[in-house]
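Novice: Fold the following, please.
(2 chains)
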There are 2 protein chains.
Amino acid sequence: MTGQSIIDRFTSLLGLKGVVTEKDDIAPWLTDWRGRYHGAAAAILAPASTQQVAAAVALASELGVPLVPQGGNTSMVGGATPPADGNALILSLRRMNRIRNLSPDDNLVICEAGVILSNLHEAAEAVGRRFPLSLGAKGSATIGGLISTNAGGTQVLRHGTMRALVEGIEAILPDGSIFDGLEALKKDNRGYDIKQLLIGAEGTLGIVTAASLRLVPAIAVRAVGWVGVRSPADALTLLRLVEAHLGESVEGFEIIADDGLGHVLSHIPGTRCPIGTRTPWHVLIEVDHADLSEPGPAERLERALTDAFEEGIAVDAAIAANEAQAEAFWRIRESISEAERAQGPALQYDISVPVSHMPAFMVEAATAVEREFPGTTASSFGHLGDGNVHFHVRAPQGTKDGAAWIAMQGQAINAFVHDAVVATGGSISAEHGIGQMKRAELGRLASPARIAALRAIKAAFDPKGIMNPGKLIPRPDES
Amino acid sequence: MTGQSIIDRFTSLLGLKGVVTEKDDIAPWLTDWRGRYHGAAAAILAPASTQQVAAAVALASELGVPLVPQGGNTSMVGGATPPADGNALILSLRRMNRIRNLSPDDNLVICEAGVILSNLHEAAEAVGRRFPLSLGAKGSATIGGLISTNAGGTQVLRHGTMRALVEGIEAILPDGSIFDGLEALKKDNRGYDIKQLLIGAEGTLGIVTAASLRLVPAIAVRAVGWVGVRSPADALTLLRLVEAHLGESVEGFEIIADDGLGHVLSHIPGTRCPIGTRTPWHVLIEVDHADLSEPGPAERLERALTDAFEEGIAVDAAIAANEAQAEAFWRIRESISEAERAQGPALQYDISVPVSHMPAFMVEAATAVEREFPGTTASSFGHLGDGNVHFHVRAPQGTKDGAAWIAMQGQAINAFVHDAVVATGGSISAEHGIGQMKRAELGRLASPARIAALRAIKAAFDPKGIMNPGKLIPRPDES
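Specialist: Here you go, the predicted model:
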C-alpha cells in the first residue's frame, strides 16, 4: 500500500480535519522541544473522540502502521518524536480537550487526554478545588502525556506523582479495543491493575484517551520559608523535624546547593538571597493549609524552625512576610535551570535514590565526578523528600563548544553518574521516563528479570509493535 | 516423572525441612478456612530464603509442576486452595518470616512474605510507628498474601489499600528469576511498573518474597463517635462535613443499617446501642491525631457534629468518653458478620461502587433484591468513604437448610446483585479478589478488552501456566 493510499484510508475514517498533511503544519511536531531528536512522519492524525481514536488504532493495526502518540510534545527524553524512517504517523490527542465532568463534591474530574494542565488547574480553581500536580511545561503538557510519563513535580512529597492522582483510565489498546476503566473506585480487586500498567507506559501499550483524576481542597493560606543549613544531612534532619511538627501539610521541601543559588543571583535579574548568611546548602519549605484554623501555617512553621535553631540544624532562616516574598523565594528555585544554562554547558541528570541515601549521594557523587573528570564541577538540587536529585555536571570553565564537549565526554559521564545511582539502589529516571534518550542505559543497567518483564508485557499488548516504536524498551543490542 | 521422584528433586533442593509430605501436616492447607473449597497436593514446599524460592520455582518450571503459593490461607475466594487434580504442590512462604530491616526514621520496614500482619503491627509499635492496615484475619494473614490480594480494611479511607503502602517488592518470576525491586523510591519512571502488576495478582504472575512497606506515626490520641442518621445520603453528607472540619485525620467512617445493629444487639452479649434513638442508619467515625496538639480530636469531632446537628444531618450522636467506650463502639461494627451468621443463612457480597452512587445503591439494590426474591431480606454495611459495601442477602425467615437454599438460589442472586453492581459502574470484587469463587462471574461481566488484557499478561509472564492455576483468569468457557 502506498503512503498516499494509507493516508486516504485514515482520512475516510477521521475526515479532513482529522488528518494533517501540510508539511509546515507537521514540521514543529517532528522535533522534541529541546531540539535533540528529529523524526519524520507523512501525517498527523487528530481524532476528536474516543471512538475515532479506537477506529484509527484498529486501522493502524490492520495496515501495520506505527503510531506515535503526542500531547504537548514536552518530553525531556525524546518520548514523543517519531522515528526517522518516516513509517510512523503521529497521533495527536490535542483535539480531545474536553473536561467531561467536574464534580467538586466527589473531588473528581474526568478529563480527556488533550486537556492542557494549566486549563485543568483553572477549571479546578473555579470550583474551589485544585489539581495538585504542576511543572514548568504546564502551559503545553497534556493530561494524556502526564499520565503516560507518570509526571512528578514539586508537590509529590504530599500528593504523590500522577500515579497517585489517577483514579480511572479510558484507553485504546493496540488492537483498537476500548479499555473502559474510568470508574473511580477506591477498592477494586478484579485482577491485574491495567490502569497502573498504562500509567508511565509512554504510549507503548496503548493510547490514553481520558482519565478520572483526584482533586484536593484549594489552598486557603500558605507559609513559605527559606533555611540555611550546613549539609544535606542536616537538611534531611530538618525535613523530619518539620514533618513531626506539621505532618501532611508540608507540601514542598526543596534543597539547593549554594553554588546553584549563586548562579541564580548572578544571572537572574532581581533575585536576592532570602537570608543574610550564605550557608553551604539551602532549603525551601512550603506549608499549606486548606482552612483558616489557628495556628496558621506561618506560626506553625516558625515553631518548627525555633526547634531547628535550638537543635543546631538551622543556621539562618526567613519566613516570607507576604505573597510577593513567597513568590520571590520560589522564583529562585524555579530559575535554577535557566541560570545553570547561562552559566555554561552542562549535563543534567534526572535521577532518584532512597531518601535516606540522598544526603551522602549529593556530596559523594559530586566529589567522585569532579575527581574522575578533572575540570568539571558537579552540583545538585531537588526534591529532598522524594529522593529526587537534579544532578548537574558542568563543563570545565572556559569550554567554548558545549556540543563538542558533550560529544567527547557525555557518554562516559552518563555511565559514571548512572553507575553511582545504581550502586546506591536508585533509578536512572526519576520523573522524565526513558523515551529514546535513556533506552540504551536502561538496557545496560536494569536486571535481566526487569528487562524480560518489560519485553514480555510489550509483546503481549502490542505483538505488531505499532505503539510508539523505539521508545522505552531496550533493543536486543542494548542489553 | 513419578510423583515421588518429583518430590525427591525438590527435597534435594530444599532439604527435609523444606518439603512437607506427611498427610496430616498437609491436610489443613488443602481446604480454605471457610471450608468451601477442597484441593489435593502431594507436598508442601517450604523454602526458607529468596534463593530457595527462586530455585524451587526454576525447578517447577523445568518439570512443569504447578505451584500454589500460600501465606496464612485466609483467602475469602478460594485463592490459595490447590486444584483437586493433585498435580500442584503448595508453596508455603511461612518460613520466610523475618523482618529484614525496620527504619523508623525513614518510616520504612522491609518484611519477608511470611511475616504475619499482627507481628508487623507489634514490631512497628515497638519503635513508635504503625503499619496502618488491619483486618479480621490479622493473626494469620501474611504480608505476601496481603500484597497478592491488595488487601483493604477499615483504614483505607485515610491510608489506602495495600497498594498504597507497598514501596518496593522482591519477587520470583515464573522462570525462577529474581525481580529485585525492594528499593523504596518515591519517583521511579523506568518503564512499566512491575511492582504494581504483582500487587493483587493473587500469585498468578510470580511469588512475592519480600516487600518494603510504608509506616506512619503512631496514634497519640483518638476520638470515636457514633451518629444516628436518616439515610445513606445523609451519611455521605456527614462524611463530607466531617472531612471539611477534620481533613486527613478522619481514619474510619463506617455505615451500618439499623437492622444490622439490631442483629448485633440480639446475638452478641454485652453490646448496647451507643445512642438513645434508634435511627434507620448509623455511622461510626474515628478521628486520629499523631500528636497531642490542641484542639484534640474529640473537641474537633464535637465541633463538626454540632454543625451536623445544626444542618439537620445528625439525629443523635455520642462521642466515646474513654478507650473502653471507643472499643465498645468498634466491637459493634466488628461483630456484624458474626451476628449475621447467628441470624440465619445469608449470601454475602464484597462489592464496591463509586462513592457518590453508594447511598442510592444501598437502598435501591436491597429493595430490588427483596422484590425479585420474595422472602429474602437484604441489607448492607461498610466503608462509605471507600464506596465499599458489604451487601448481605438473608434467606427467607424459617429457612432450615441454608446450604440447600444457596444451592437453589445462590447463582441467580449472585448474578442479580453483580448485574446491579456493574450497572452502577462498580466492581464485583472490592477487597477479596477473584480466586476461584468469582472467576466465572468476572468472565461473564468484564469487558472483552479487560479479559484479553488479563489473559495476555498471564500468558506473557507464565507461558507454562504453573503459577496458581485456576485462579483469577476466566477459563475459555467462562467468557
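
Novice: Could you give me the buried positions within the helix or strand encompassing residue A:460?
Specialist: Using DSSP states H and E, residue A:460 maps to helix A:448-461. Buried positions in helix A:448-461, judged by neighbour count with 16 or more other CB atoms under 10 Å in any protein chain shown: A:449-454, A:456-458, A:460-461. Every residue, glycine included, has its C-beta placed from N, CA and C.

Novice: Reformat the residues you listed as JSON lines; add pLDDT and distance to residue B:466.
Specialist: As requested, these are exported to JSON lines (pLDDT from 0 to 100; distance: CB to CB, whole Å):
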{"residue": "A:449", "pLDDT": "95", "distance to residue B:466": "17"}
{"residue": "A:450", "pLDDT": "95", "distance to residue B:466": "21"}
{"residue": "A:451", "pLDDT": "96", "distance to residue B:466": "22"}
{"residue": "A:452", "pLDDT": "96", "distance to residue B:466": "16"}
{"residue": "A:453", "pLDDT": "96", "distance to residue B:466": "17"}
{"residue": "A:454", "pLDDT": "97", "distance to residue B:466": "21"}
{"residue": "A:456", "pLDDT": "97", "distance to residue B:466": "15"}
{"residue": "A:457", "pLDDT": "97", "distance to residue B:466": "19"}
{"residue": "A:458", "pLDDT": "98", "distance to residue B:466": "22"}
{"residue": "A:460", "pLDDT": "97", "distance to residue B:466": "17"}
{"residue": "A:461", "pLDDT": "97", "distance to residue B:466": "22"}
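
Novice: which of those residues are close to chain B?
Specialist: A:449-450, A:452-454, A:456-457, A:460-461 (CB under 8 Å from any CB of the partner chain).

Novice: so who does residue A:268 touch?
Specialist: Residue A:268 makes contact with A:331-332, A:335, A:338-339 under the criterion CB atoms under 8 Å, 6 or more residues apart in numbering or on different chains.

Novice: which one of those has the most neighbours?
Specialist: residue A:332 (23 neighbours; other CB atoms under 10 Å in any protein chain shown).

Novice: Wait, it touches residue A:261, no?
Specialist: Yes - the pair residue A:332 and residue A:261 passes the contact test of CB atoms under 8 Å, sitting 6.7 Å apart.

Novice: circling back to that earlier point, tell me how far the helix holding residue A:460 is from the chain's mean position?
Specialist: Computed by CA atoms, centre = their mean, to the nearest Å, the chain-centroid distance of helix A:448-461 equals 23 Å.

Novice: got the residue ranges for the helices in the stretch 151-300 of chain A?
Specialist: Remark: helices assigned in the stretch 151-300 of chain A by DSSP state H, counting those that start in this stretch are A:156-159, A:162-165, A:194-198, A:232-246, A:258-267, A:297-310.

Novice: I'd like to know which of the ones you listed is closest to chain B.
Specialist: Chain B sits nearest to helix A:194-198 of all the helices of the stretch 151-300 of chain A, at 3.6 Å, using CB to the nearest CB.

Novice: ok now do residue A:328, which residues does it touch?
Specialist: A:271-272, A:274, A:320.

Novice: Just the buried ones from those, in ChimeraX syntax?
Specialist: One line in ChimeraX is enough to select the buried members of these, burial here meaning 16+ other CB under 10 Å:
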select /A:271,274,320
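
Novice: Dump the contacts of residue A:328 to JSON lines, plus distance to chain B and pLDDT.
Specialist: Formatted as JSON lines, these follow (distance: CB to the nearest CB, whole Å; pLDDT from 0 to 100):
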{"residue": "A:271", "distance to chain B": "27", "pLDDT": "95"}
{"residue": "A:272", "distance to chain B": "31", "pLDDT": "95"}
{"residue": "A:274", "distance to chain B": "27", "pLDDT": "96"}
{"residue": "A:320", "distance to chain B": "24", "pLDDT": "97"}
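
Novice: Turn the contacts of residue A:328 into TSV, including distance to residue B:153.
Specialist: What follows is the contacts of residue A:328, written out as TSV (distance: CB to CB, whole Å):
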residue	distance to residue B:153
A:271	49
A:272	51
A:274	45
A:320	41
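
Novice: In the contacts of residue A:328, find the pair that's most separated.
Specialist: For the contacts of residue A:328, the farthest-apart pair by CB to CB is A:271 and A:320; their separation is 14.2 Å.

Novice: which helix in chain A runs the most residues?
Specialist: helix A:402-423 (DSSP state H).

Novice: Give me the helices and strands touching that one, please.
Specialist: Using 3 or more CB pairs under 8 Å, 6 or more residues apart in numbering or on different chains; DSSP states H and E, the elements in contact with helix A:402-423 are strand A:346-352, helix A:358-372, strand A:388-394, helix A:439-445.

Novice: from memory residue A:281 sits against residue A:226, does it?
Specialist: No - the pair residue A:281 and residue A:226 fails to qualify as a contact (CB under 8 Å) at a distance of 11.6 Å.

Novice: Could you report the neighbour count for residue A:85?
Specialist: Using other CB under 10 Å, residue A:85 has 12 neighbouring residues.

Novice: hang on, it is in a strand, isn't it?
Specialist: No - the assignment for residue A:85, made by DSSP: H, G, I helix; E, B strand; the rest coil, is coil rather than a strand.

Novice: need the contact list for it.
Specialist: Here residue A:85 is in contact with residue A:40 (criterion: CB under 8 Å, 6+ apart).

Novice: Same check on residue A:125?
Specialist: residue A:218.

Novice: so how far is chain B from it?
Specialist: In this view, residue A:125 and chain B are 18 Å apart by CB to the nearest CB, to the nearest Å.

Novice: And that residue, how close does it get to residue B:395?
Specialist: Using CB to CB, to the nearest Å, one obtains 53 Å as the distance from residue A:125 to residue B:395.

Novice: now swap in residue A:129 and tell me
Specialist: For residue A:129, the distance to residue B:395 - CB to CB - is 46 Å.

Novice: These two: which has the busier surroundings?
Specialist: Each of residue A:129 and residue B:395 has its neighbours counted (other CB under 10 Å); residue B:395 has more, 24 against 21.

Novice: Pull the contacting residues for the more buried one.
Specialist: By CB under 8 Å, 6+ apart, the residues touching residue B:395 are B:344-346, B:375-376, B:402, B:405, B:409.

Novice: Just send the residues you listed back as TSV, with pLDDT and neighbour count too.
Specialist: Formatted as TSV, these follow (pLDDT from 0 to 100; neighbours: other CB atoms under 10 Å in any protein chain shown):
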residue	pLDDT	neighbour count
B:344	89	17
B:345	91	18
B:346	92	21
B:375	96	13
B:376	96	22
B:402	91	15
B:405	95	21
B:409	94	19
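
Novice: Tell me the one among those nearest to residue B:35.
Specialist: The closest of these, once distances to residue B:35 are taken by CB to CB, is residue B:402, at 13.2 Å.

Novice: I figured the closest one hits residue B:345, correct?
Specialist: Yes - in this structure, residue B:402 is within contact of residue B:345 by CB under 8 Å, at 2.7 Å.

Novice: returning to that earlier point: residue B:469 is nearest to which of the helices of the stretch 151-300 of chain A?
Specialist: helix A:194-198 (21.6 Å).

Novice: Just checking the closest one against chain B, any contact.
Specialist: Yes - residues of helix A:194-198 contacting chain B under CB under 8 Å from any CB: A:194, A:196-197.
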